[in-house]
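1. Got a predicted structure here, sequence first:
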Amino acid sequence: MQTAENRILAINPGSTSTKIGVFDDEHNIFERVIRHDLEDIGGFEKVMDQYQFRKQIILDALDFEGINVSKLTAVCARGGLLRPLEGGTYRVNEAMLADLKAGYNGEHASNLGGLIAYEIASSLHIPAFITDPVVVDELDPLARLSGLPGVERKSIFHALNHKAIARKAAAAKDKIYEEANIIVVHLGGGITVGAHHHGRVIDVNNGLSGEGPYTPERAGTVPAGDLIELALTGEYTKNQLLKMLTTKGGFMGYLGTNDGRLIADRIKKGDQEARVIFEGMVYQTAKEVGAMSVVLSGEVDAIAVTGGLANDELFISMLKDRVSWIADVLVYPGENELRALTEGALRVMRKEEAAKVYVV
Ligand SMILES: Nc1ncnc2c1ncn2[C@@H]1O[C@H](COP(=O)(O)OP(=O)(O)OP(=O)(O)O)[C@@H](O)[C@H]1O
Ligand SMILES: CCCC(=O)O
């Protein structure tokens, strides 16, 4: 058997899980999804406080599997809330580490990605990268306007998976990504719905801080006036309010769990409250798809639905009922982010592409 030139460790910290994979070139030799419930991570005040916990579970999982980390040639992670940037693979550098630690653009599990990748890689004297971080920004100027001078809409979304899935959906429609119009719906711990116009994500809801549908744990768009009232009661710190919006909304807020599978079970057992909250999430997601179809002037080649909740048949059938008049709905359950990260690192390791440099 031919020996691999590269062994890549891919790390994807999500809001409700940590996913890791090891690839010998393109060949996946190990993959694990470690789910985090409230007991695991609810006690950490800030995402950054989860650093040691998440790093250790990665190292333990590799150790348990007998993976020889000394054979790794690079580590690539899903990167975080940096400054807005163009897509691609970036080498983790000092400027990036500082912005990730400070949470330059806010708190997100993927901020841990670049930091953990860097620590593991530097102990092995190999490079650490991030690919297509959540701040990839291709918004059209019109999409940036919020309606309030001084407040600009931001592009914060599951860029890595959006791009990979949009390419697949375009191919399924016999088009290349750069010539297609695709609406991508990522149903993860956060939900982001993006209008991909000829290879650029020209509009997308900021999935992290208060835009779009509610999700397994995010509040999504909340009436602004009421939110101001709540914030000014003096009962909550800024951090508590942000945590409320990002980890205590949606399923978590209404039903006490962020696990879509548990809610699906409750619905099967006849729990009406769970059904209404579940349907509300479908309803809000469908509204966002409708909005993006208008962004694309009704010229939509396909609606591509992906992420963990895309495994849920009830969610998909309810969503199709509401949006399939717009375009064909193509379903890609889960995500392929570990492979996408690995491919990003391989392109650089093989010198097919130069690593981009993060500058502040
Ligand atoms: N097979 C499944 N059936 C139903 N729901 C599922 C299934 N797998 C995952 N989910 C649910 O989908 C939701 C998102 O999970 P996923 O693993 O995609 O999120 P994540 O990777 O942590 O977050 P993000 O994608 O926002 O970074 C969770 O509520 C999870 O319980
Ligand atoms: C990737 C940013 C969106 C989210 O996590 O909700």
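-> Yep, that arrived. Ligands and ions are numbered 1, 2, ... in the order given.
2. Could you check how many residues crowd around the residue of the stretch 101-250 of the chain found nearest ligand 2?
-> The minimum distance from the stretch 101-250 of the chain to ligand 2, using C-beta to the nearest ligand atom, falls at G190 (1.7 Å). Every C-beta, even on glycine, is put in place using the N, C-alpha and C of the backbone. For G190, the neighbour count with other C-beta atoms under 10 Å is 29.
3. isn't it right up against G207?
-> Yes - with contact defined as C-beta atoms under 8 Å, G190 counts as touching G207 (4.0 Å).
4. what residues do these two have in common as contacts?
-> 158, 215, 218 (C-beta atoms under 8 Å, 6 or more residues apart in numbering).
5. Could you restrict those to the ones contacting ligand 1?
-> Under the cut-off given by C-beta under 6 Å from any ligand atom, ligand 1 has H158 from the shared contacts of G190 and G207 close to it.
6. Closest one of the shared contacts of G190 and G207 to L148?
-> R218 (21.3 Å; C-beta to C-beta).
7. Please give the element, helix or strand, for that closest one.
-> Using DSSP states H and E, R218 sits within no helix or strand.
8. before we move on, what about T18?
-> strand 17-24.
9. Pull up the pairing partners for that strand, direction included.
-> Each strand paired with strand 17-24, and its direction, by DSSP bridges: strand 7-13 (antiparallel), strand 27-35 (antiparallel).
10. The stretch 251-360 of the chain against ligand 1: which residues are in contact?
-> Residues of the stretch 251-360 of the chain found near ligand 1 (C-beta under 6 Å from any ligand atom) are 258-261, 264, 307-309, 311-312.
11. Filter these down to just the ones in helices.
-> 260-261, 264 (DSSP state H).
12. Which one of these sits in the busiest neighbourhood?
-> Highest neighbour count within those: G260, with 24 neighbours (other C-beta under 10 Å).
13. Identify the spatial nearest neighbour of that residue, chain neighbours not counted.
-> Nearest residue to G260, sequence neighbours excluded (C-beta to C-beta, 6 or more residues apart in numbering): L309, at 4.9 Å.
14. mind checking pLDDT for the one you found?
-> With respect to pLDDT, L309 scores 97.
15. tell me the contacts of the residue nearest to T246 when sequence neighbours are not counted?
-> Computed as C-beta to C-beta, 6+ apart, the closest residue to T246 that is not its neighbour in sequence is R218, at 5.5 Å. Counting by C-beta under 8 Å, 6+ apart, R218 touches 15, 189-191, 207-208, 245-247, 249-250.
16. which among the residues you listed gets closest to Q50?
-> Looking across the contacts of R218 and measuring by C-beta to C-beta, the closest to Q50 is S15, at 10.8 Å.
17. isn't the closest one right up against I191?
-> No - S15 lies out of contact with I191 (C-beta under 8 Å); the separation is 10.9 Å.
18. Compare neighbour counts for these two and give me the winner.
-> Set S15 next to I191 and count neighbours by other C-beta under 10 Å: I191 wins out with 26 against 22.
19. Return the distance of the closest residue to the more buried one other than its chain neighbours relative to L309.
-> The shortest distance from I191 to any non-neighbouring residue, by C-beta to C-beta, 6+ apart, is to T215 (4.4 Å). Distance, T215 to L309, using C-beta to C-beta, to the nearest Å: 9 Å.
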